[in-house]
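A.B. asks: task: produce atomic coordinates for the following.
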Amino acid sequence: MRRTLLAIDVGNTNTVLGFFRGPQLVRTWRVISVPGVLLKLKLPETNAVIVSSVVPRLKAALETLAHRASGKSAVFVTPSLKMPVRVTLKNPKQVGQDRIVNAVAAYDRWKRGLIIVDLGTATTCDVVTPKGEYIGGTISPGIGIANAALHEKTALLPLVPVARPPRAVGRNTVEAIRSGVFYGYVGLIDGLVERIKKELPFPVKVISTGGLSALVGRASRAIDVVDPDLTLKGLQKLDDWNHRV
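C.D. replies: I've put the predicted structure just below:
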């Protein structure tokens with residue numbers, strides 16, 4: 001019988017869940033990262049649950065969710081799991097689980113030098129060598145945080161939804177904010193990737209993922225591939241690696 005899996009990627013703002021039959025991603029859910037919301041989800045029965053979480057306070061709710069869906073405890077991603085990527089930092093536990101999972105998914109697929117840009121609550125760039133070594137990266141405030149801070153820290157500027165503007169020169173305040181936030185972050189990504197590439201002795205493929213990857217990633221000159229489901233796919237690969245007998 002084909003194995004079924006519920007993969008859960010818990011971020012500071014949103015939680016993304018994916019249901020797999022074998023390697024096939026069948027369905028996804030995106031909800032806010034709040035225990036009450038998670039526990040109200042109606043999920044299919046599954047053989048196993050694997051979780052990548054950067055929000056420790058949600059662990060109890062996630063365990064309850066896992067038992068309800070599979071009758072078993074969830075597997076939480078840690079550096080001790082078997083994986084095709086080796087974290088070479090002195091303290092691997094300091095690396096966000098989602099960053100490791102992204103590296104696993106990307107390297108399993110392309111098996112070459114990589115930069116993975118994750119556009120979530122934070123914007124991260126992570127580097128994997130052609131040998132499958134995770135060597136570090138960058139962390140920046142996410143576009144949503146910057147956008148909200150612009151409104152919260154000023155007296156007159158409105159909160160403007162993040163969207164791609166038709167031009168860089170805004171003709172009013174809303175257009176100017178939208179342009180500055182959107183194209184400012186595109187410039188941030190392109191600048192970081194360019195600088196990282198100059199430090200690396202090997203060529204790389206640049207992959208974008210995260211909630212805003214489809215919007216921001218496609219406007220970037222630096223990004224080669226946009227895959228919003230990369231983290232879920234990485235969780236499935238980790239389950240596969242650790243379920244083998």
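
A.B. asks: could you give the number of residues near the closest residue to Leu230 other than its chain neighbours?
C.D. replies: Nearest residue to Leu230, sequence neighbours excluded (Cβ to Cβ, 6 or more residues apart in numbering): Thr209, at 3.7 Å. Every C-beta, even on glycine, is put in place using the N, C-alpha and C of the backbone. When neighbours are defined as other Cβ atoms under 10 Å, Thr209 has 30 of them.

A.B. asks: flag the shaky bits of the chain, pLDDT-wise.
C.D. replies: In the prediction, the chain carries residues with pLDDT under 70 at positions 1, 244-245.

A.B. asks: give the residue farthest from the middle of the chain.
C.D. replies: Arg171 (33.7 Å; Cα atoms, centre = their mean).

A.B. asks: phi and psi next, for that one.
C.D. replies: phi -90, psi 0 (degrees, to the nearest 10).

A.B. asks: so how far is His67 from it?
C.D. replies: For Arg171, the distance to His67 (Cβ to Cβ, to the nearest Å) stands at 55 Å.

A.B. asks: what residues sit buried inside the lengthiest helix in the chain?
C.D. replies: In the chain, with assignment by DSSP state H, the single longest helix is helix 173-199. Buried positions in helix 173-199, judged by neighbour count with 16 or more other Cβ atoms under 10 Å: 175-183, 185-186, 188-190, 192-193, 196-197.

A.B. asks: what helices or strands is that helix leaning on?
C.D. replies: strand 114-119, strand 122-128, strand 133-141, helix 143-152, helix 213-216 (3 or more Cβ pairs under 8 Å, 6 or more residues apart in numbering; DSSP states H and E).

A.B. asks: among the ones you listed, which is the most enclosed?
C.D. replies: strand 114-119 (a mean of 26; mean count of other Cβ atoms under 10 Å).
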